[in-house]
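In: no sequence for this one, just the structure:
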């Protein structure tokens, strides 16, 4: 399929503005020149998907829970014909989605966990305190929004969310401020929430992150059940990958990376250092072998071009012949929250 010149130009601009983090490292790990069917579980602007197709993959199944991302992708997807399949769905269901798309055994799975730069740039999505808009934060548009959460959650539950998902030390103080503010008026915009958080935080020194950064991260994770979805995606990838298939996961903060690391330790036949809050996990036959002992980090050059890459970590592993099996989410260290509603 040949695209109109203006569409090609728009695509090139989008590729430059929304290049996926650590694309070179992810593609090197997945090695699409081997051929086979690959699944990109976080399609976004399609950067991994295009690189896989252009690197030799026979076919790519691209999944995203954000219908807007898929709508943008359909503008250029036709150029790849039946080598590219776009599916709206959650990557926690990737094994089912792949099977239904005619690919029960995958050569590779790519996951770029977290919010995309495009979502942050769209004020109406409510992900960023830098742009005023409705306090939404839903990636797929379904379920309760962030505004619903801050309106309905008990103070203790809000504090849990901020502390466990945002690693925010001032979680109790911020939760108390939110509860006091919502008694006067609904908190339904990103600017209003950022104002409430900032008012109870110490004055920031130059160069420090915005005081609402951790609170917004925590609410976004809670609204979209991102950590639970990640745990389900890792299990689904284990079920979907063929022997020799590769899983590559890029994370952006310690909570995500810890879950991926513990999963690969457990599935690699080595028991991780256990949390005293988690049950002891039995060591089983290795289901994955690590491609590298340590997580890869973005290059200095990439960080200069894209500051978001500074916190990125990539872990990759190859599937063995051992049969897939269930795993207790608590063994992965998922935070345990109190009941959210008042």
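Out: Perfect, I can see it now. This one's a predicted model, so the numbers in the text were calculated from it and none came from an experiment. Numbering: from 1, shown residues only.

In: Could you check how far residue 43 is from residue 80?
Out: 13 Å (CB to CB, to the nearest Å). To be clear about C-beta, it is placed using only N, CA and C from the backbone, and glycine gets the same treatment.

In: Those two: which is more packed in?
Out: Set residue 43 next to residue 80 and count neighbours by other CB atoms under 10 Å: residue 43 wins out with 30 against 17.

In: what helix or strand does the more buried one sit in?
Out: Using DSSP states H and E, residue 43 is not contained in any helix or strand.

In: can you tell me how far residue 199 sits from residue 177?
Out: For residue 199, the distance to residue 177 - CB to CB - is 7 Å.

In: more neighbours, those two?
Out: residue 177 (19 against 11).

In: my guess is that one meets residue 195, correct?
Out: No - Residue 177 lies out of contact with residue 195 (CB atoms under 8 Å); the separation is 10.1 Å.

In: what pairs with residue 109 across the strands?
Out: residue 39, residue 247 (DSSP bridges).

In: got a pLDDT number for the closest residue in space to residue 222 that isn't next to it in sequence?
Out: The shortest distance from residue 222 to any non-neighbouring residue, by CB to CB, 6 or more residues apart in numbering, is to residue 161 (4.8 Å). On pLDDT, residue 161 comes in at 96.

In: so which strand or helix has residue 161?
Out: helix 155-166.

In: Which positions in that helix come out as buried?
Out: Residues of helix 155-166 classed as buried: 157-166 (neighbour count, 16 or more other CB atoms under 10 Å).

In: Can you pick out the most distant pair from the residues you listed?
Out: 157 and 166 (13.6 Å; CB to CB).

In: residue ranges with poor pLDDT in the chain?
Out: Scanning the chain for pLDDT under 70 picks out the ranges 1-18, 114-127, 129, 270-283, 338-342.

In: Walk me through the domains of it.
Out: 5-112+226-332, 129-224 (automatic domain parsing).

In: State the distance from residue 174 to residue 109.
Out: From residue 174 to residue 109 the distance is 36 Å (CB to CB).

In: hmm, I was thinking of residue 21
Out: From residue 21 to residue 109 the distance is 17 Å (CB to CB).

In: Next up, the contacts around the residue nearest the centre of the chain.
Out: Closest residue to the average C-alpha location of the chain: residue 113 at 2.0 Å, with CA atoms, centre = their mean. Going by CB atoms under 8 Å, 6 or more residues apart in numbering, residue 113 touches 42, 226, 230, 249-252, 256.

In: Reformat those residues as a markdown table; add distance to residue 32 and neighbour count.
Out: Shown next, in a markdown table, are the contacts of residue 113 (distance: CB to CB, whole Å; neighbours: other CB atoms under 10 Å):
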| residue | distance to residue 32 | neighbour count |
| --- | --- | --- |
| 42 | 17 | 23 |
| 226 | 27 | 19 |
| 230 | 23 | 25 |
| 249 | 17 | 30 |
| 250 | 16 | 29 |
| 251 | 22 | 24 |
| 252 | 24 | 19 |
| 256 | 24 | 21 |
